[in-house]
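# Sequence plus the predicted model coming up.
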Amino acid sequence: MDAARELFIEEGYEGVSMRKVAQKIEYSPTAIYVHFPDKEQLFLELCHSDFRRLAAQFLKLAEIKDPVERLRRIGYAYADFGTKNPNHYRMMFMTAHPPVPDDMEGRGNPEEDAYAFLRETVKEAVAAGAFRSDLTDADLISQTVWAGVHGVVSLQIAKCDDPWVPWRSLKKRTELVVEGLLSGLLKKG
């Protein structure tokens, strides 16, 4: 599976064939077709497996009662997952691929779907009156927080070795994005 993941990252979804995957892992194409009927199913299984891992990281935070604190910890957990699993992250969030089907197992279940967990946490915080009064759309807030932390992670993965930018520590950049976003979104006082 790791070899297939690397191939998708290196060559993009369109550049990979089942034959290339078979060559990379030194199997016959027939052997791969026993497990996956086509490239799309192989790709979706890789993504689904990675998304389950991310959701499992978030699920560890479910015991935190305060939804704002849980949201803060989700931001840090997301950054930690992405920077510790850069190949998985590239494939999940930085590689163009076919959309995930609406009926994919676990979709919308906060115990298996990391976005659903984030959204439910934001909904709790909205219901508790934690956000500014003009912010009531849980999806908008979720996607804004996600975009901010994704920016830190994707720059870390794609550009951290670029000497052109005097990069500050990953820890400081993550803290500033998470705390800065929350400061701007939460009700004052």
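Okay, I see it.

# Only C-alpha atoms from now on, for both contacts and neighbour counts.
Fine.

# what's downstream of the helix or strand hosting residue 47, the next helix or strand?
Element membership for residue 47 (DSSP states H and E) is helix 39-59. Remark: after helix 39-59, the chain's next helix or strand is helix 67-84, criterion DSSP H and E.

# helices or strands up against that following helix?
helix 39-59, helix 86-93, helix 114-127, helix 138-159, helix 170-185 (3 or more CA pairs under 8 Å, 6 or more residues apart in numbering; DSSP states H and E).

# what does the first one contact?
Okay, so that is helix 39-59. Under the contact criterion CA atoms under 8 Å, 6 or more residues apart in numbering, helix 39-59 has outside partners 1, 5, 16-18, 36, 74, 77-78, 81, 88, 91-92, 98, 100, 110-114, 117.

# got the angle between the helix or strand containing residue 14 and helix 39-59?
Per DSSP H and E, residue 14 falls inside helix 2-15. Helix 2-15 runs at 120 degrees relative to helix 39-59, counting by axes from the mean of the first three to the mean of the last three CA atoms, to 10 degrees.

# Mind listing what's buried along the helix or strand that helix 2-15 is followed by?
Going down the chain from helix 2-15, the next helix or strand is helix 18-25, by DSSP H and E. Residues of helix 18-25 classed as buried by neighbour count (16 or more other CA atoms under 10 Å): 18, 21-22.

# Counting by contacts, list what helix 18-25 packs against.
helix 2-15, helix 29-35.

# What residues sit buried inside the longest one?
Of the residues in helix 2-15, those buried under the neighbour-count criterion (16+ other CA under 10 Å) are 4-9, 12-13.

# Name the surrounding residues that touch that helix.
Contacts with helix 2-15, where a contact means CA under 8 Å, 6+ apart, come from 16, 21, 24-25, 43, 46, 87-88, 90-91, 95-97.

# The last one too?
Residues lying outside helix 29-35 but in contact with it, judged by CA under 8 Å, 6+ apart, are 18-19, 21-22.

# and of the residues you listed, the nearest to residue 64?
Comparing the contacts of helix 29-35 against residue 64 with CA to CA places residue 21 closest, at 42.0 Å.

# residue contacts, that closest one?
3-4, 7, 29.

# For those, give me TSV that also has pLDDT.
Formatted as TSV, the contacts of residue 21 follow (pLDDT from 0 to 100):
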residue	pLDDT
3	85
4	85
7	86
29	79
